[in-house]
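no sequence for this one, just the structure:
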């Protein structure tokens, strides 16, 4: 009994997991909120478009990702750069089944983010979402 008690009490708390701050961007309807809900094991029901921004802590075994999701509406995208400071990585989500016009808009937004001084040296994950839809483009087409 004494050895079990000592092992439990004297061990101390586990070392803190490192935290990384990411920004998640993409056009409205690309699936940013659904992605983060899935990663946080939350229900994907009743998801609405993000107005402004939201922040989620995504826990992994060895790290925590603090993801700042920015709304993708036309009138919000012009403010994205105000939220880039302190980011250590970027998740860019695009709807691979969107119209040609929306895909072109997404391409322009991605290129703008890739050239932004606060993001240009950071790692980017480009996620071609909605691959399950019949109109989805392949990675090569995207």
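Great, that's in hand. A quick note: this is a predicted structure, and the numbers were derived from the prediction, not measured.

so which residues of the protein form helices?
2-9, 32-39, 74-77, 100-115 (DSSP state H).

point out where this structure drops to low pLDDT.
Filtered on pLDDT under 70, the chain yields the residue ranges 1-12.

picking up where we left off before, what's the most buried one of the helices of the chain?
helix 32-39 (a mean of 19; mean count of other CB atoms under 10 Å). For the C-beta atoms, the positions are set from N, CA and C on the backbone; glycine is no exception.

the residue nearest the centre of the chain pairs with what?
Geometric centre of the chain, nearest residue: residue 24, 3.6 Å, by CA atoms, centre = their mean. Assessed by DSSP bridges, residue 24 has beta-bridge partners residue 69, residue 91.

just give the nearest non-adjacent residue to residue 133, would you?
residue 97 (3.9 Å; CB to CB, 6 or more residues apart in numbering).

compute the number of surrounding residues for that neighbour.
17 (other CB atoms under 10 Å).

kindly provide the distance from it to residue 142.
10 Å (CB to CB, to the nearest Å).

same question for residue 66.
Distance from residue 66 to residue 142, by CB to CB: 27 Å.

for the closest residue to residue 71 other than its chain neighbours, what are its contacts?
Spatial nearest neighbour of residue 71, chain neighbours left out: residue 50 (4.2 Å); criterion: CB to CB, 6+ apart. Residue 50 makes contact with 32-33, 69-72, according to CB atoms under 8 Å, 6 or more residues apart in numbering.

switch to 7 Å and redo it
By CB atoms under 7 Å, 6 or more residues apart in numbering, the contact list for residue 50 reads 32-33, 69, 71.

from residue 102, how far out is the closest residue to residue 36 other than its chain neighbours?
Setting aside the residues directly before and after it, residue 36 is nearest to residue 56 in space (CB to CB, 6+ apart), at 4.9 Å. Distance, residue 56 to residue 102, by CB to CB: 25 Å.
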